[in-house]
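Asks: here are the coordinates; sequence isn't available:
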């Protein structure tokens, strides 16, 4: 499970791993499993994962914190606070999202409470005057001390303003896959955003739900309701507290590829469909198009399936020329087009009904696509701009892999965001992160929370 960490943590309690006095591999130090540790070289510098790069540092912050876990056969995985594993890549120490043979290490007794850290290739981790290397020697430069770090404490919650009714977080395009991805070469970006969500959630103190605009499971979605990707891409990445509130969700285009719901008109066929808001083991998505009233927040939430507009970046297309291009990846191409068309009609019908019938002052509307994808449906964007029925309408979409409100079609005086910078596929801009919504009696205030672009975007390394 993802570590629940604050942004900066310092301190050492002084617990040192004493390896068994043997020339053989030391026992796995199970008393340290699940705890944060510092791994210090003979020079006193600590092993660090800096934006996916394994190196040495004199600091004792979050980047220098690691956890140990059992890899079987007397070996262990060494995992950074970014959720990456230390790896031996042909004699070079690097970071990896995988947990396989190259990421498995052995601890051997080096005497005086120190250990050798040995890769699967039999090479020892070494501090060569500040340069992290893997060598065949087993001398002083290859000795390490593993000590427990103070368990990171979450940021204390602030006292919410008296007139704030609650808050929520919005994220999209986040389900990173190690075998199929764009220019995000590791899960570090997604993990950094997940950790930042925890920090912000603690700070706010009144988060009621998370809005998820889809593309949750790259590259092909879920094949069933018990797909193991629920664990590997969601439960194991987002800290338990972030998953302690409902995740209000819709389907993105990638989510549909292998999902049985795209080939069936049965409401419950979809792998992500779940109508029990109290079931926090998965998302809340009672149907493909749905709404939920929150009278205690003076708010109504409306989720729409608008995957027909996947090619909406082509502004010249008419409504009839739009189609869900990713039907080609499903098991039922022709049926898929028909089903997605029906869901599009249902989406606009539901939106129109809720615009007129909802008595909530605040309306929160979301789909997988940003407002600039709806050139063929100008009335929809115009309605998102209305203030005659509701004091505030906030719209959220994703698909484009950035988090901003400048690339979208305006819905002023209301607000709307593209929140596709969730760390799952690529950087289409430097703004990677999520959006916060603060709910007041007749207004939704929104703002972005971004991670350091060097964590996510390869072109940002010089920033």
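Replies: Here it is on my side, so go on. Computed from a prediction, not measured in an experiment: that's the story for all the values here.
Asks: count the residues that sit near residue 277.
Replies: 12 (other Cβ atoms under 10 Å). Placement of C-beta: from N, CA and C, glycine included.
Asks: from residue 303, how far off is it?
Replies: As for residue 277, its distance to residue 303 is 13 Å (criterion: Cβ to Cβ, to the nearest Å).
Asks: now do residue 421
Replies: According to Cβ to Cβ, residue 421 stands 20 Å off from residue 303.
Asks: for the top helix by length along the chain, enumerate the helices and strands it packs against.
Replies: The single longest helix within the chain, with elements called by DSSP state H, is helix 333-357. Packing partners of helix 333-357 (3 or more Cβ pairs under 8 Å, 6 or more residues apart in numbering; DSSP states H and E): strand 290-294, strand 299-303, strand 362-366, helix 378-384.
Asks: run through who's touching that helix.
Replies: 256, 262-265, 288-291, 300, 302, 304-309, 323-324, 327, 330, 363, 365, 367, 377, 380, 383, 386, 389-390 (Cβ atoms under 8 Å, 6 or more residues apart in numbering).
Asks: restricted to buried residues, select these in ChimeraX.
Replies: A single ChimeraX command is used to select the members of the contacts of helix 333-357 judged buried by 16 or more other Cβ atoms under 10 Å:
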select :256,262,263,288,289,290,291,300,302,304,305,306,307,308,309,323,324,327,330,363,365,367,377,380,383,389,390
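Asks: before we move on, the earlier item: quick one, which of residue 421 and residue 303 is more surrounded?
Replies: Using other Cβ under 10 Å as the criterion, residue 421 and residue 303 rank with residue 421 on top: 35 against 28.
Asks: from residue 137, how far off is the residue lying closest to residue 220 once chain neighbours are set aside?
Replies: Using Cβ to Cβ, 6 or more residues apart in numbering and skipping residues adjacent in sequence, the residue nearest residue 220 is residue 257, 3.8 Å away. Noted for residue 257: a distance of 49 Å to residue 137, by Cβ to Cβ.
Asks: more crowded one of the two?
Replies: residue 257 (21 against 13).
Asks: next one: phi and psi at the more buried one?
Replies: Backbone torsions of residue 257, given as degrees, to the nearest 10, read phi -50, psi -50.
Asks: next one: residue 156, what pLDDT does it get?
Replies: Per-residue confidence at residue 156 stands at 67 (pLDDT).
Asks: list the contacts of the residue most central in space within the chain.
Replies: Against the mean C-alpha coordinate of the chain, by Cα atoms, centre = their mean, the closest residue is residue 190 at 3.9 Å. Residue 190 makes contacts with 174-176, 184, 237, 422-424, as judged by Cβ under 8 Å, 6+ apart.
Asks: that's a strand at it, yeah?
Replies: No - secondary structure of residue 190 (DSSP: H, G, I helix; E, B strand; the rest coil): helix, not part of a strand.
Asks: number of residues surrounding the residue nearest to it when sequence neighbours are not counted?
Replies: In space, and not counting its chain neighbours, residue 190 is closest to residue 423: 3.4 Å by Cβ to Cβ, 6+ apart. Neighbour count for residue 423, taken as other Cβ under 10 Å: 29.
Asks: isn't residue 423 up against residue 196?
Replies: No - shown here, residue 423 and residue 196 do not form a contact pair, counting by Cβ atoms under 8 Å, at 10.2 Å.
Asks: quick one, helices of the protein?
Replies: Going by DSSP H, the chain shows helices at 188-204, 229, 333-357, 378-384, 453-456.
Asks: save those as CSV, and put in distance to residue 405 too.
Replies: What follows is these, written out as CSV (distance: least, Cβ to Cβ, whole Å):
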stretch, distance to residue 405
helix 188-204, 18
helix 229, 30
helix 333-357, 20
helix 378-384, 13
helix 453-456, 18
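Asks: what about the stretch 1-150 of the chain, any weak spots by pLDDT?
Replies: 1-30, 34 (pLDDT under 70).
Asks: okay, now the residue lying closest to residue 191 once chain neighbours are set aside: neighbour count?
Replies: Spatial nearest neighbour of residue 191, excluding adjacent residues (Cβ to Cβ, 6+ apart): residue 83 at 3.8 Å. Applying other Cβ under 10 Å, we find 22 residues neighbouring residue 83.
Asks: residue 379 now?
Replies: Other residues close to residue 379 by other Cβ under 10 Å number 10.
Asks: circling back: worst mean pLDDT among the helices of the chain?
Replies: When the helices of the chain are ranked by mean pLDDT, helix 453-456 comes last with a mean of 85.
Asks: I'm done for today, thanks for sticking with me.
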